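In: Please work out how this folds:
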Amino acid sequence: MDLGAASWLVVAVALAAANLPFLSERAFGLVPLARKPIWARLLELLALYFVVGGLGRALESYLGNAFPQTWEFYAITACLFLVLAFPGFVWRYLRKHHGPD
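Out: Next comes the predicted model:
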């Protein structure tokens with residue numbers, strides 16, 4: 001796998017992982033819950049941020065030297081992860097869901 005493919009893989013996984021808490025009533029897409037509150041969705045979002053970060057770190061180590069990062073890197077990637085989660089948030093909380101009449 002080359003660097004370009006690894007980068008796009010991390011972006012695609014991040015997009016899917018950022019929206020997963022808002023698109024499913026299951027915790028991490030596996031454990032069914034009756035109703036998932038917003039705090040559970042945010043905790044799941046935080047956990048998935050670290051999972052995607054671990055994947056990115058593993059791919060970086062596999063392809064070459066893993067560079068040390070400072071707090072600015074983590075602040076920017078956390079904000080980017082929140083931006084990627086916006087479509088799922090809009091679908092869950094801002095879109096009108098028409099129920100059966």
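In: In space, what's closest to Thr77 - neighbours in sequence excluded?
Out: Gly53 (6.9 Å; Cβ to Cβ, 6 or more residues apart in numbering). No exception for glycine: its C-beta is placed from N, CA and C like everyone else's.
In: burial count for the one you found?
Out: 18 (other Cβ atoms under 10 Å).
In: Which parts of this protein are helices?
Out: 3-23, 38-63, 71-84, 86-89 (DSSP state H).
In: thought Trp91 was touching Phe22?
Out: Yes: using Cβ atoms under 8 Å, Trp91 is in contact with Phe22, at 6.4 Å.
In: okay, those two: which has more neighbours?
Out: Phe22 (20 against 13).
In: Settle this for me: that one is touching Phe86, isn't it.
Out: No: using Cβ under 8 Å, Phe22 is not in contact with Phe86; the gap is 9.4 Å.
In: Reformat the helices of the chain as JSON lines; add distance to Lys96 and mean pLDDT.
Out: Shown next, in JSON lines, are the helices of the chain (distance: least, Cβ to Cβ, whole Å; pLDDT from 0 to 100):
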{"stretch": "helix 3-23", "distance to Lys96": "16", "mean pLDDT": "94"}
{"stretch": "helix 38-63", "distance to Lys96": "18", "mean pLDDT": "95"}
{"stretch": "helix 71-84", "distance to Lys96": "23", "mean pLDDT": "96"}
{"stretch": "helix 86-89", "distance to Lys96": "15", "mean pLDDT": "95"}
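In: between those helices, which one is nearest to Pro32?
Out: Among the helices of the chain, the nearest to Pro32 by Cβ to Cβ is helix 38-63 (12.8 Å).
In: Any idea how far that closest one is from the middle of the chain?
Out: From the chain centre to the centre of helix 38-63 is a distance of 7 Å (Cα atoms, centre = their mean, to the nearest Å).
In: what angle sits between it and helix 3-23?
Out: 170 degrees (axes from the mean of the first three to the mean of the last three Cα atoms, to 10 degrees).
In: helices or strands up against helix 38-63?
Out: Contacts defined by 3 or more Cβ pairs under 8 Å, 6 or more residues apart in numbering; DSSP states H and E place helix 38-63 against helix 3-23, helix 71-84.
In: and the gap between Ala27 and Trp91?
Out: 18 Å (Cβ to Cβ, to the nearest Å).
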